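> any chance you could fold what I've pasted below:
(one chain, ligands or ions: 1)
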Amino acid sequence: MSQQAMTPEQFEHALRGKGDYYHIHHPYHVAMHTGQATREQIQGWVANRFYYQISIPMKDAAIMANCPDRAVRREWIQRILDHDGAPGEDGGIEAWLRLAESVGLDRAQVLSGELVLPGVRFAVDAYVNFARRANWQEAASSSLTELFAPHIHQSRLDAWPQHYPWIDARGYEYFRKRLSEARRDVEHGLQITLQHYTTREAQQRMLAILQFKLDVLWSMLDAMSMAYELKRPPYHTVTDQRIWHTGLGL
Ligand SMILES: O=C(O)c1cc(C(=O)O)c2c(n1)C(=O)C(=O)c1cc(C(=O)O)[nH]c1-2
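Reported below is the predicted structural model:
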């Protein structure tokens, strides 16, 4: 016989418990937070995370494309505007580019994607492709790592200016903006999730989906650790050139 479903409170508690595996605990993140990261490591992180930033609106558009519920689409569309911007509003992607400039990166180089490591690209693409193929409720609920995001954004706002005085403070606007945006996203995402997963099996599947998303975030940092901490970027045994592909538009 299958186990009884968790109550919504128990289920939410289980979801929040997944925070134990959030990328805030990854050694790369810990190093950035405690002031141990080099300039190259911070720059590497910002340049690679840019690929996540530009992919999020495509992920959200995929969710909307699969969602027949007009009321949900009306709320979900705000996520795309948050990142892409709207008339009179720059949006998160532009804010991230300002962060990139604030850490000393060249805007055109960041936009070119040439610094994006293959491992980061594959992890982010897995997230976008999951959203394309999954039903919209599953894809929507996979955004719930954002439960843990305000804390990580706040921790950067608190720690980075102390540790990295060379970063131009204007770059921090992205993190500040996400504090409220992420809280609003989570409220909507949780509401969909708590309604949709009502059997124990479905709830276990949702927890596996959340683990998949945690894996995406963790794997991105693993790729960055290899390249910028251990000095083992792809092909380092044969060349010091960045010969990896910069995206095939898949
Ligand atoms: O800086 C971070 O650690 C972090 C993590 C996450 C996340 O947990 O997926 C997001 C963001 N930032 C973020 O800025 C963002 O806009 C965002 C959207 C989503 C999503 O899955 O839809 N996650 C995240």
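> residues in contact with the most centrally placed residue in the chain?
Central residue of the chain (Cα atoms, centre = their mean): Tyr52, 5.8 Å from the mean position. Contacts here follow Cβ atoms under 8 Å, 6 or more residues apart in numbering; on that basis Tyr52 touches Val120, Val124, Met220. In short, each C-beta sits where N, CA and C put it, glycine included.
> helix or strand right after the helix or strand harbouring it?
Assigned by DSSP states H and E, Tyr52 falls within helix 39-65. Downstream of helix 39-65, the first helix or strand assigned by DSSP H and E is helix 70-84.
> that following helix near the ligand anywhere?
No: with Cβ under 6 Å from any ligand atom as the criterion, the ligand is not reached by helix 70-84; the gap is at least 6.5 Å.
> send me that helix as PDB with only the CA atoms.
The C-alpha trace of helix 70-84 is given here as PDB (Å, rounded to 0.1, in the frame of the first residue of the first chain):
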ATOM      1  CA  ARG A  70      -4.400  32.200 -18.400                       C
ATOM      2  CA  ALA A  71      -4.400  33.300 -14.700                       C
ATOM      3  CA  VAL A  72      -1.100  31.500 -14.200                       C
ATOM      4  CA  ARG A  73       0.400  33.000 -17.300                       C
ATOM      5  CA  ARG A  74      -0.600  36.500 -16.300                       C
ATOM      6  CA  GLU A  75       1.500  36.100 -13.100                       C
ATOM      7  CA  TRP A  76       4.300  34.100 -14.600                       C
ATOM      8  CA  ILE A  77       5.000  36.700 -17.300                       C
ATOM      9  CA  GLN A  78       6.300  39.000 -14.700                       C
ATOM     10  CA  ARG A  79       9.400  36.800 -14.300                       C
ATOM     11  CA  ILE A  80      10.300  37.400 -17.900                       C
ATOM     12  CA  LEU A  81       9.900  41.100 -17.500                       C
ATOM     13  CA  ASP A  82      12.000  41.100 -14.300                       C
ATOM     14  CA  HIS A  83      15.000  39.800 -16.300                       C
ATOM     15  CA  ASP A  84      14.400  41.100 -19.800                       C
END
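> skipping adjacent residues, who's closest to Thr246 in space?
Gly113 (4.7 Å; Cβ to Cβ, 6 or more residues apart in numbering).
> could you report the neighbour count for the one you found?
Close neighbours of Gly113, defined as other Cβ atoms under 10 Å, add up to 16.
> so it sits against Asn48, correct?
No: counting by Cβ atoms under 8 Å, Gly113 does not reach Asn48; the two are 9.7 Å apart.
> just the ones in strands from the contacts of Tyr52, please.
Judged by DSSP state E, strands contain none of the contacts of Tyr52.
> can I get those in TSV with pLDDT and neighbour count?
Listed next are the contacts of Tyr52 as TSV, based on pLDDT from 0 to 100; neighbours: other Cβ atoms under 10 Å:
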residue	pLDDT	neighbour count
Val120	98	26
Val124	98	25
Met220	98	26
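> filter those residues by proximity to the ligand?
Among the contacts of Tyr52, no residue lies close to the ligand (Cβ under 6 Å from any ligand atom).
> mind checking which of those land in helices?
Of the positions in these, Val120, Val124, Met220 sit in helices, assigned by DSSP state H.
> mind listing what's buried in stretch 20-39?
Under the neighbour-count criterion of 16 or more other Cβ atoms under 10 Å, stretch 20-39 has Tyr21, Tyr22, His23, His26, Tyr28, His29, Ala31, Met32, His33, Ala37 buried.
> fine by me, we can end here.
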